[in-house]
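>>> Fold the following and give me the result.
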Amino acid sequence: MFVIPCLFTIAMNTAIAEPIVVLTYGARDNGGVENAASSHPFRVDPDYSETHEVAPNETLGHIMNDYYGGSGMNMKFVEMAIVQVNRHAFVRGNPNFLYAKKTIRLPSLNQIKALVTGEKPENSPSQSGSGRTNEIYFFGG
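Coordinates of the predicted model:
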């Protein structure tokens with residue numbers, strides 16, 4: 001019983017003798033990422049979108065880095081939106097399995113927001129010219 005208090009006292013004395021380092025940070029310097037994000041085309045125009053043909057051995061991460069890199073956008077939301085909008089380009093909706101030679105649509109910031117919040121964007125591509133949404137109807141028995 002006497003050994004444990006002695007070890008505790010030795011450990012405390014050693015911990016107190018260690019130097020303490022306090023880091024202080026001045027103005028936030030993120031290497032110009034904020035300036036790059038403010039001039040990124042997806043951030044400048046919230047309705048800006050692109051299309052991309054998937055090359056062999058290209059991953060969704062490569063595509064997202066090429067188009068959305070430096071935008072300051074949350075890449076998990078971007079990934080989810082790309083998969084949701086381009087189901088035809090992914091094996092069973094899995095972002096890790098992308099078909100080569102498929103043309104995918106890279107959604108705009110407004111389209112990503114609409115997908116995340118569950119709203120319909122005004123310029124939704126699922127609406128036809130007649131004002132009806134693309135729906136599947138079953139007739140007969």
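
>>> Where in the protein is the helix or strand with the lowest mean pLDDT?
Every helix and strand of the chain was ranked by mean pLDDT, DSSP states H and E. The lowest is helix 3-17, at a mean of 54.

>>> Please enumerate the strands of this protein.
50-53, 103-106 (DSSP state E).

>>> Residues in contact with the first one: which ones?
Pointing back at strand 50-53 there. 63, 67, 101, 102, 103, 104, 105, 106 (Cβ atoms under 8 Å, 6 or more residues apart in numbering). C-beta here means a position set from N, CA and C on the backbone, and glycine is covered the same way.

>>> Parallel or antiparallel, list what pairs with that strand.
strand 103-106 (antiparallel) (DSSP bridges).

>>> could you give the mean pLDDT of the strand it pairs with?
Strand 103-106 carries an average pLDDT of 95.

>>> Return it as PDB; C-alpha atoms alone will do.
The C-alpha trace of strand 103-106 is given here as PDB (Å, rounded to 0.1, in the frame of the first residue of the first chain):
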ATOM      1  CA  THR A 103     -20.900  11.300 -69.100                       C
ATOM      2  CA  ILE A 104     -21.800  12.600 -65.700                       C
ATOM      3  CA  ARG A 105     -23.400  15.900 -64.700                       C
ATOM      4  CA  LEU A 106     -21.600  17.900 -61.900                       C
END
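
>>> So which residues make contact with that strand?
49-54, 63, 67-68, 82, 85-86, 89.

>>> Residue ranges in the protein under the pLDDT threshold?
The model of the chain has pLDDT under 70 over residues 1-37, 121-141.

>>> This structure: helices as residue ranges?
For the chain, the helices defined by DSSP state H cover 3-17, 33-38, 41-44, 60-68, 75-85, 109-117.

>>> Which secondary structure elements does the fifth one sit against?
What that stands for is helix 75-85. Judged by 3 or more Cβ pairs under 8 Å, 6 or more residues apart in numbering; DSSP states H and E, the packing partners of helix 75-85 are helix 60-68, strand 103-106, helix 109-117.

>>> what distance separates the start and the end of stretch 77-92?
The straight-line separation of the ends of stretch 77-92 (Cα to Cα, to the nearest Å) is 19 Å.

>>> Need the residues that contact it.
54, 60, 63-64, 68, 93, 95, 97-99, 102-107, 111-112, 115-116.
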